[in-house]
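A.B. asks: Just need the structure, nothing else, for what follows:
(one chain, ligands or ions: 1)
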Amino acid sequence: MVKEYGILIGGKWVKSNSGETFDNVNPANERVIAKFQSGTPDDVNRAVDAAEKALGYWRDFPAPKRGEILLKAAQLLRKDKERLARLMTMEMGKVIAEARGDVQEAIDITEYMAGEGRRLFTQTTPSELRDKFCTSVRIPVGIFGLITPWNFPVAIPSWKITPALICGNTMIFKPASDTPLCAIEFVKILEKAGVPKGVINLVTGSGSKVGSAIVKHKKIRGISFTGSREVGEFVTKEAGLKKVGLELGGKNGIIVMDDADLELALDGVIWGGYGTTGQRCTAASRVIVHHKIKAKFERMLVSRIKRLRLGDGLKPTTDVGPQINAKAVEKTHEYTGIGIKEGAKLLCGGKPAKINGKGFFYRPTLFTDVAPDMRIAQEEIFGPSISMIPVKTLDEAIDVMNGIIYGLSSAIYTNDLKNAFESIERIEAGLTYVNSSTIGAEVHLPFGGIKGTGHAREAGWAGIEEFSDVKSVYVDYSGTLQRAQIDNVPGPRKKRK
Ligand code: NAD
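C.D. replies: A predicted model of the protein is given here:
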């Protein structure tokens, strides 16, 4: 019997009004894991009503006490880490060590945000007028819509839910349809930790029905969206005047200079390009390589790639898990065809694969002699495919790095401090790593991109700003009318009677 899960509205797990469900499949063996509700716009309305009802209570709940609930949630997550990680590998395929990392990221951010309950800083400043007190206070935005992708099924929801909670918002959460189980399990832990009824509501279902109803809903004041650029553009058009945060795709590059430690760069390229089967927003899909070491580095890469073992991520021997679904494999393979047609040289991979006749696997793929304007060097493939682009100088490397619509992550391998600092200054991206790969953000620093990757900054203090508003407060205790910018010559303090 396949288990059926509900949606969460006002503290109750219920069925969707649609009366329909969809299946979720393990991408390593194509077995059905469970059934989930195919939500509707009407379910979204019910969820918004519940969130509206809970808002006053939660907004007035002291922030340090909200923090205590988050701390409890972090402790519960820690206890459940292994179970959640195994579920994640089954649900979306990433290898178990990475799934543990995904849950750890959620533990880290939940602990961080728990602490923010005692800070939520704002500014207090002097006034230009006598006997006037100037400060600012942080207030919740209201009801938030949170829409997430499948590739970090616990970490990304946690980056949105925990700051939204600590800032006093209520929310409707719509997870990706490839990973609803991880989302439900995470929310159940928050419920168990004591998040009151109606504060978090969860509706599963398609982007076109549930997602778009959230984006357009008049009572929702903020949208935090992580996903593709195409859907991000839809959100921008349809969200109206809501506070919108967008975390979209990437086409991240690693520069490997001729002075680099090539063994170190090799580890970084393999990890960045094929970790999570190339399905990270920060995945390294371009290697911008100095022409002097290109041939040697190609040989090193090919030899390492040939040793990578495809398989079920639960097996400790697996290096590269499956892609998320059959459509994703088709897309990666389509780009292999495009690359060959464009004249790039395929060095290895370039084929789908099955294990025991099942699974959505793709062989780690490496192209070389890729020109910067080829489609495989410009468009997000979101699979295990790397394009090597040869360059002659650092200036050329940085031009290539910046010559894309996206601006998420970047890296440079070099032993020359000048190369490193010039790259930090000139690369157009939200993240630059030096002598480390394009992936592996830590939760206390801001995370996000620029240009076509969107404008949100999540995690750390930036997450607090994303999920709260700031109100300026002026308290005039002079006892006279003081007009800012007009009565600007300080007079004597009014005497007490
Ligand atoms: P996607 O855009 O297809 O889906 C993301 C979410 O949006 C899902 O929950 C989906 O159901 C929903 N959605 C789809 N259509 C919608 C609509 N019309 N209205 C509202 N919601 C809608 O992306 P995906 O395939 O789940 O994830 C992969 C993409 O996410 C890649 O482009 C990747 O780079 C990006 N991503 C970005 C970051 C980042 O932080 N920048 C992190 C992870 C993933």
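A.B. asks: So which bits of stretch 325-336 are buried?
C.D. replies: Across stretch 325-336, burial judged by 16 or more other C-beta atoms under 10 Å covers 325, 328-329, 331-333, 335-336. Just so you know, the C-beta spots here come from the backbone N, C-alpha and C atoms, and that holds for glycine as well.
A.B. asks: low-scoring pLDDT stretches of the stretch 301-450 of the chain, where are they?
C.D. replies: By pLDDT under 70, the stretch 301-450 of the chain has no low-scoring segment.
A.B. asks: How about the residues of it by the ligand?
C.D. replies: With C-beta under 6 Å from any ligand atom as the criterion, the stretch 301-450 of the chain comes near the ligand at residues 380, 382, 408, 449.
A.B. asks: Go again with 8 Å.
C.D. replies: Contacts of the stretch 301-450 of the chain with the ligand, taken as C-beta under 8 Å from any ligand atom, map to 324, 380, 382, 408, 447-449.
A.B. asks: export the residues you listed to JSON lines and tack on secondary structure, neighbour count and distance to Val231?
C.D. replies: Shown next, in JSON lines, are those (DSSP: H, G, I helix; E, B strand; the rest coil; neighbours: other C-beta atoms under 10 Å; distance: C-beta to C-beta, whole Å):
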{"residue": "Ile324", "secondary structure": "coil", "neighbour count": "25", "distance to Val231": "16"}
{"residue": "Glu380", "secondary structure": "coil", "neighbour count": "23", "distance to Val231": "13"}
{"residue": "Phe382", "secondary structure": "coil", "neighbour count": "25", "distance to Val231": "13"}
{"residue": "Leu408", "secondary structure": "coil", "neighbour count": "28", "distance to Val231": "16"}
{"residue": "Phe447", "secondary structure": "strand", "neighbour count": "22", "distance to Val231": "19"}
{"residue": "Gly448", "secondary structure": "coil", "neighbour count": "25", "distance to Val231": "17"}
{"residue": "Gly449", "secondary structure": "coil", "neighbour count": "26", "distance to Val231": "15"}
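A.B. asks: And those, which two are furthest apart?
C.D. replies: Maximum pairwise distance in these, criterion C-beta to C-beta, is 22.6 Å, between Ile324 and Gly448.
A.B. asks: on that earlier part again, among the buried residues of stretch 325-336, which are located in helices?
C.D. replies: Of those, the ones assigned to helices by DSSP state H are 328-329, 331-333, 335-336.
A.B. asks: Which two among those are spaced furthest apart?
C.D. replies: Farthest pair in those, by C-beta to C-beta: Ala328 and Thr336, 13.2 Å.
A.B. asks: Tell me which other helices or strands the helix or strand Ala295 falls within touches.
C.D. replies: Ala295 is part of helix 294-306, with elements assigned from DSSP states H and E. Using 3 or more C-beta pairs under 8 Å, 6 or more residues apart in numbering; DSSP states H and E as the contact definition, the elements that helix 294-306 packs against are helix 262-274, strand 345-348, strand 365-368, strand 385-391.
A.B. asks: Would you mind measuring from the closest residue to Arg78 other than its chain neighbours to Lys243?
C.D. replies: Nearest non-adjacent residue to Arg78, counting by C-beta to C-beta, 6 or more residues apart in numbering: Ile107, 5.5 Å away. As judged by C-beta to C-beta, to the nearest Å, Ile107 and Lys243 stand 27 Å apart.
A.B. asks: average pLDDT for the helix or strand harbouring Met90?
C.D. replies: Assessed by DSSP H and E, Met90 sits inside helix 81-92. Helix 81-92 carries an average pLDDT of 98.
A.B. asks: Residues touching that helix, excluding its own?
C.D. replies: Helix 81-92 is contacted from outside by 24, 26-28, 33, 77, 94-96, 99-100, 102-104, 107, 150-151, 153-154, 178-179, 181-182, 185-186, 312-314, 321, 324, using C-beta atoms under 8 Å, 6 or more residues apart in numbering.
A.B. asks: The helix or strand that that helix is followed by to helix 81-92, inter-axis angle?
C.D. replies: As assigned by DSSP H and E, the chain's next helix or strand after helix 81-92 is helix 96-116. Helix 96-116 runs at 120 degrees relative to helix 81-92, counting by axes from the mean of the first three to the mean of the last three C-alpha atoms, to 10 degrees.
A.B. asks: Begin at 22 from now on, thanks
C.D. replies: Will do, 22 is the new start, and the previous item becomes helix 117-137.
A.B. asks: how close does the nearest residue to Ile361 once chain neighbours are set aside sit to Val421?
C.D. replies: Among residues not flanking Ile361 along the chain, Leu367 sits closest, at 6.0 Å (C-beta to C-beta, 6+ apart). Per C-beta to C-beta, Leu367 is found 20 Å from Val421.
A.B. asks: Keeping just the C-alphas, turn stretch 25-40 into PDB.
C.D. replies: The C-alpha coordinates for stretch 25-40 follow below in PDB (Å, rounded to 0.1, in the frame of the first residue of the first chain):
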ATOM      1  CA  GLU A  25      -1.200   9.200   1.000                       C
ATOM      2  CA  TYR A  26      -0.200  12.500   2.600                       C
ATOM      3  CA  GLY A  27      -2.400  15.500   3.200                       C
ATOM      4  CA  ILE A  28      -1.900  19.300   3.000                       C
ATOM      5  CA  LEU A  29      -1.600  21.400   6.200                       C
ATOM      6  CA  ILE A  30      -4.300  24.000   6.700                       C
ATOM      7  CA  GLY A  31      -4.800  25.700  10.100                       C
ATOM      8  CA  GLY A  32      -3.000  23.000  12.000                       C
ATOM      9  CA  LYS A  33      -4.900  20.000  10.300                       C
ATOM     10  CA  TRP A  34      -3.500  17.600   7.700                       C
ATOM     11  CA  VAL A  35      -6.500  17.400   5.300                       C
ATOM     12  CA  LYS A  36      -7.300  16.300   1.700                       C
ATOM     13  CA  SER A  37      -7.300  18.800  -1.200                       C
ATOM     14  CA  ASN A  38     -10.700  19.900  -2.600                       C
ATOM     15  CA  SER A  39      -9.600  18.500  -5.900                       C
ATOM     16  CA  GLY A  40     -10.000  14.900  -4.700                       C
END
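A.B. asks: centre of the chain versus it, how much separation?
C.D. replies: 26 Å (C-alpha atoms, centre = their mean, to the nearest Å).
A.B. asks: Of all the residues in that stretch, which ones are buried?
C.D. replies: Residues 26, 28-31, 37-38 are the ones in stretch 25-40 that count as buried (16+ other C-beta under 10 Å).
A.B. asks: what's the answer for stretch 205-221, then?
C.D. replies: Applying 16+ other C-beta under 10 Å to stretch 205-221 flags 205-208, 210-212, 214, 216, 218-221 as buried.
A.B. asks: What separation is there between Val231 and the ligand?
C.D. replies: In this view, Val231 and the ligand are 7 Å apart by C-beta to the nearest ligand atom, to the nearest Å.
A.B. asks: scratch that, Gly289 is what I was asking about
C.D. replies: Gly289 is 19 Å from the ligand, by C-beta to the nearest ligand atom.
A.B. asks: The closest residue to that residue other than its chain neighbours: how many residues sit nearby?
C.D. replies: Leaving aside its sequence neighbours, Gly289 sits nearest to Ser458 (C-beta to C-beta, 6+ apart; 3.9 Å). Here the number of neighbours of Ser458 (other C-beta atoms under 10 Å) works out to 24.
A.B. asks: before we move on, what about Glu400?
C.D. replies: When neighbours are defined as other C-beta under 10 Å, Glu400 has 17 of them.
A.B. asks: Hmm, it is touching Glu355, no?
C.D. replies: No - contact status for Glu400 versus Glu355: not in contact, 10.5 Å apart, counting by C-beta atoms under 8 Å.
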